[in-house]
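> Structure for this input, please:
(one chain, ligands or ions: 1)
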Amino acid sequence: MDDLDIQKQTIEKIRKIVPKKLQQKEDIFFAKFSKHKGNTQTKLKYLYEFSDTLFGYVYQAVPCKKGCSYCCHIPVSVSEVEVTYIEKSTGIKRKNLPEFDTQLSVPCPFLKKNVCSIYEYRPYFCRVFVSVNETAAGCYPDVINKQESLMFGYGELQKSYFFLVREMNIQDIREVFK
Ligand code: SF4
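Reported below is the predicted structural model:
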């Protein structure tokens, strides 16, 4: 079986694991999200809650596990609303840091002993980025752009995130926190 077959198989496995009702909720999530009356912080929490529920199932089918931190060494986008959320939740304040060189495999400043130290408050992309390969080794910075890999994600969830952060400043996490 080649890499592409394994990726397709993993995606198929995810489709079987995620309950039908939850999948149906995702199918119409944007319509509901776009009508949410809360402020940006409340909307962000609502989005995180839904993505965590969804990905709680996805994680059962992928090689991503606690202690694997390959994807914490690649670029990590964070929007203004998320920076504020991290600041408010952790008490860690933003800094005005130099532009991050995406060619460097510098670990995220929140990665401590291979574990995310702000896991509960981590940005959207940290929540929804998963490997559908046999192992997560393909996420390593030197490898990720060289290998052919299917991307896995949820359209309505993604659309909702971009709707929330539209017109907001988006930076790499290493340009904001140290
Ligand atoms: S915030 Fe946490 S999960 Fe996201 S890149 Fe940093 S250490 Fe990794």
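> quick one: the strands in the chain?
77-79, 111-112, 115-116, 170-172 (DSSP state E).
> and the gap between the residue nearest to residue 168 when sequence neighbours are not counted and residue 165?
Spatial nearest neighbour of residue 168, excluding adjacent residues (CB to CB, 6 or more residues apart in numbering): residue 80 at 4.2 Å. For every residue, glycine as well, the C-beta is placed using N, CA and C. According to CB to CB, to the nearest Å, residue 80 and residue 165 sit 7 Å apart.
> and residue 129, backbone torsions?
phi -90, psi 120 (degrees, to the nearest 10).
> what about the residue nearest to it when sequence neighbours are not counted, how many neighbours?
Nearest residue to residue 129, sequence neighbours excluded (CB to CB, 6+ apart): residue 71, at 5.5 Å. Neighbour count for residue 71, taken as other CB atoms under 10 Å: 20.
> In contact with residue 71, which residues?
Going by CB atoms under 8 Å, 6 or more residues apart in numbering, residue 71 touches 64, 126, 129, 131, 136, 139.
> quick one: the fifth one and residue 69 touch, right?
Pointing back at residue 136 there. No. Here residue 136 lies out of contact with residue 69, judged by CB atoms under 8 Å, at a distance of 9.2 Å.
> This structure against the ligand: which residues are in contact?
Proximity of the chain to the ligand is confined to 72, 76, 108, 110, 111, 116, 118, 122, 126, 173 under the rule CB under 6 Å from any ligand atom.
> Go through those and flag which are in helices.
residue 126 (DSSP state H).
> can the residues of the chain next to the ligand go into TSV with extra columns for pLDDT and neighbour count?
Formatted as TSV, those follow (pLDDT from 0 to 100; neighbours: other CB atoms under 10 Å):
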residue	pLDDT	neighbour count
72	95	21
76	96	22
108	97	24
110	98	23
111	98	16
116	98	16
118	98	20
122	98	21
126	97	20
173	97	24
